[in-house]
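**Q** sequence and computational prediction follow.
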Amino acid sequence: MLTSLLTLASFANAAAGLVLIGTWIIGRGHVPAVVVFIGISLLVQGVYTLAYLRGALRKWGDLATGALFAGQALSACVGGVGLIESVAQNINASNGDVEMAPVLAGLIMLGQALLTLFHLLASGRLQPRLS
């Protein structure tokens, strides 16, 4: 069940990343450059997690798990801070211009990161190896 939910979240992240990248390409000059970087981050986060879940990174061994853990821990921090900052920005918007895209980007980045970290913990893949 957790793996299915994580797979769905990974597809959602990759799709959201493609939408943000496409938005930046179409609206070049009107859309801030940070949008493409957030889109690339979401795309990489989703695709790497999908590759890990499908076993495509098995030949990397523990390095793939370590990279997934490190990347998702960082994504949880970035997504959480982005979510908090964008909600605060919307609350303080004096002209009523509420931006939901940054809120959603932070939410899906944080959500997938937490799901992945929980999956790694629940599957026992973060156990230290005594060899």
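**A** Yep, that arrived.
**Q** ok, longest helix in this protein?
**A** Of all segments of type helix in the chain, defined using DSSP state H, the longest is helix 62-91.
**Q** count of residues packed around the residue nearest to Ala122 when sequence neighbours are not counted?
**A** Excluding the flanking residues, the one nearest Ala122 by CB to CB, 6 or more residues apart in numbering is Leu2, at 6.3 Å. (Each C-beta comes from the backbone N, C-alpha and C, glycine too.) Other residues lying near Leu2 total 12 when counted by other CB atoms under 10 Å.
**Q** cool, and Leu42?
**A** Neighbour number of Leu42 under other CB under 10 Å is 26.
**Q** wait, isn't it in contact with Ala12?
**A** No: distance between Leu42 and Ala12: 9.0 Å, which falls outside the contact criterion (CB atoms under 8 Å).
**Q** now for those two: what residues contact both?
**A** Ile108 (CB atoms under 8 Å, 6 or more residues apart in numbering).
**Q** quick one: end-to-end length of stretch 56-67, please.
**A** 14 Å (CA to CA, to the nearest Å).
**Q** show me which residues of it are buried.
**A** Leu57, Ala64, Thr65 (16 or more other CB atoms under 10 Å).
**Q** over to stretch 34-41?
**A** Per 16+ other CB under 10 Å, stretch 34-41 contains these buried residues: Val35, Val36, Ile38, Gly39, Ser41.
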